[in-house]
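K.L.:
Generate a structure from the sequence data that follows.
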Amino acid sequence: MTTPGTPPATTTDVDLRRARRALVVVGLVIPAVLTAVTIGLIAVWMPDMPDPAATHWGAGGVDGYGPPVTYLWLAAVVGLGLPLLLATATLTMAGRQWGATARFLGALALGLSGFSAVINAGSTWMQRGLTDAGDATNVLPVLIGGFCALLLFSAAGWVLQPDIAATPAPTLRSTRLPSISAGERVVWMGSASMAPAGVMIIGFTCIVLIGVGAVMLLQAPESAWIPLLVLVLVGLALAATASFRVRAGADGLKVRSALGFPRLNVPLDEITAVRAIECHPFAEFGGIGWRVGLDGRTGIVLRTGPALEVGRRGKGAVVITVDGAETAAATLQAHLDHRAAE
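P.N.:
Prediction:
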């Protein structure tokens, strides 16, 4: 059975340990220091802030207020909580499947910490000495600074981590099918479904959005459409990507959402290679769902486990996590062999 392209150089244990240590420094240690400094500055400036302080701005100026201590919580949650989540998830789930995605997530963790530091410290600093938080109208420089910090700290996080070769996905034990005779139809069909844990997380998110929408409907009816719109979009995304039908046969590979859209077709003429692999969605694609990896592969990756990888002529490979991936790969390979023998 052929493989999609030449496998990259294998990542050694030394390289892997070095990359993991760098991610700990970039994604955990530096964000912890940044957040500590930010919280210290906010604590020093808080006595000079109005109470309530401005916590949200709209097109017409300040439109949200809260106690000054709100900025301490925001700095801790965004500046350290999110980087902690990204870094620990990467270290836990990536395993030996290290590559550009893990490096990117570490860089993003540092970028979010820098963003939080500028936004929260800047919003606090601009309100020092004010008696009315409504006078803090010019928040644009703080926003621009925050997004610049996000880009600069992310870039620094990327540079500070070693560029090690991505570990190739392990190929599963091959399955061979008998040669296909002229006029014979051989088709494999299966389904790819999201893992129960993923469904539970999305379901919990929907419950939270329903709660937020209910509260806003009572307290701010004019803004209640925002969480409700997000709820509808999350629901549609879940319905469209929670389950896919997969078909491998003489016409190539066909993947269709249970909802009917999105769908993906790879004609047999465009298939250059096929194999069954062990896929780790978080390590290879940064999460679950319909994704595009930093290596150019398209992933319909809904859970960790066996996956079908199909190389495409002139395009990145397609990866679909599905039970029976070995048989699906063997079916496509048999058709490729039959086409080559004609």
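
K.L.:
distance between the longest helix seen in the chain and the chain's centre?
P.N.:
The residue-count maximum for a helix in the chain (DSSP state H) belongs to helix 100-125. In terms of Cα atoms, centre = their mean, to the nearest Å, the gap separating the centre of helix 100-125 from the centre of its chain is 16 Å.

K.L.:
by contact count, what packs against that helix?
P.N.:
helix 13-24, helix 30-45, strand 53-58, helix 70-76, helix 82-94, helix 140-160, helix 281-285 (3 or more Cβ pairs under 8 Å, 6 or more residues apart in numbering; DSSP states H and E). Yep, even glycine has a C-beta here, placed from its N, CA and C like the rest.

K.L.:
would you turn the ones you listed into TSV with distance to Ala248 and mean neighbour count?
P.N.:
Shown next, in TSV, are those (distance: least, Cβ to Cβ, whole Å; neighbours: other Cβ atoms under 10 Å):
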stretch	distance to Ala248	mean neighbour count
helix 13-24	34	15
helix 30-45	45	18
strand 53-58	51	17
helix 70-76	49	20
helix 82-94	28	18
helix 140-160	38	16
helix 281-285	21	24
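
K.L.:
Same list, the ones you listed, but as TSV with distance to Arg128 please.
P.N.:
Below are the helices and strands packed on helix 100-125 laid out as TSV (distance: least, Cβ to Cβ, whole Å):
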stretch	distance to Arg128
helix 13-24	35
helix 30-45	5
strand 53-58	10
helix 70-76	12
helix 82-94	27
helix 140-160	13
helix 281-285	42
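
K.L.:
just checking, next helix/strand downstream of the lowest-mean-pLDDT helix or strand in the chain?
P.N.:
Ranked by mean pLDDT, DSSP states H and E, the weakest helix or strand in the chain is helix 196-219, scoring a mean of 67. Downstream of helix 196-219, the first helix or strand assigned by DSSP states H and E is helix 225-241.

K.L.:
by contact count, what packs against that next one?
P.N.:
helix 196-219, strand 289-292.

K.L.:
what's the last one packed up against?
P.N.:
So the one you mean is strand 289-292. In terms of contacts (3+ Cβ pairs under 8 Å, 6+ apart), strand 289-292 is packed against helix 225-241, helix 281-285, strand 298-301.

K.L.:
Neighbouring strands - and their directions - for it?
P.N.:
Paired strands of strand 289-292, with direction, are strand 298-301 (antiparallel) (DSSP bridges).

K.L.:
who's in contact with the partner strand?
P.N.:
If you take Cβ atoms under 8 Å, 6 or more residues apart in numbering as the criterion, strand 298-301 is touched by 192, 244, 255, 264, 279, 281, 284-285, 288-293, 307, 316-321.

K.L.:
CA-only coordinates of stretch 286-299 in PDB, if you can.
P.N.:
Output of stretch 286-299 as PDB, limited to C-alpha atoms (Å, rounded to 0.1, in the frame of the first residue of the first chain):
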ATOM      1  CA  GLY A 286      -5.300  21.800  16.800                       C
ATOM      2  CA  GLY A 287      -8.700  20.300  17.700                       C
ATOM      3  CA  ILE A 288     -11.700  18.400  16.400                       C
ATOM      4  CA  GLY A 289     -14.000  19.100  13.500                       C
ATOM      5  CA  TRP A 290     -13.400  20.100   9.900                       C
ATOM      6  CA  ARG A 291      -9.900  21.600   9.900                       C
ATOM      7  CA  VAL A 292      -6.900  22.500   7.800                       C
ATOM      8  CA  GLY A 293      -3.600  21.700   9.400                       C
ATOM      9  CA  LEU A 294      -0.500  23.800   9.200                       C
ATOM     10  CA  ASP A 295       1.000  21.100   6.900                       C
ATOM     11  CA  GLY A 296      -1.700  21.600   4.300                       C
ATOM     12  CA  ARG A 297      -3.700  18.500   5.100                       C
ATOM     13  CA  THR A 298      -7.500  18.800   5.400                       C
ATOM     14  CA  GLY A 299      -8.900  17.000   8.400                       C
END
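
K.L.:
May I see the buried residues of that stretch?
P.N.:
Neighbour-count burial for stretch 286-299, counted by 16 or more other Cβ atoms under 10 Å, picks out 286, 288-291, 293, 297-299.

K.L.:
how does the chain divide up, domain by domain?
P.N.:
13-160, 169-192+244-342, 195-241 (automatic domain parsing).

K.L.:
among these, which gets the worst mean confidence?
P.N.:
Mean pLDDT per stretch puts domain 195-241 lowest among these, at a mean of 69.

K.L.:
Quick check: end-to-end length of that one?
P.N.:
12 Å (Cα to Cα, to the nearest Å).

K.L.:
Make 582 the starting number, not 1.
P.N.:
With 582 as the first residue, the last one maps to domain 776-822.

K.L.:
need the contact list for Ala675.
P.N.:
So Ala675 contacts 682-683, 861, 863-864 (Cβ under 8 Å, 6+ apart).

K.L.:
run the last query once more with 7 Å
P.N.:
683, 861, 863-864 (Cβ atoms under 7 Å, 6 or more residues apart in numbering).

K.L.:
now these as a markdown table including distance to Thr705?
P.N.:
As requested, the contacts of Ala675 are exported to a markdown table (distance: Cβ to Cβ, whole Å):
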| residue | distance to Thr705 |
| --- | --- |
| Ala683 | 34 |
| His861 | 41 |
| Phe863 | 35 |
| Ala864 | 38 |
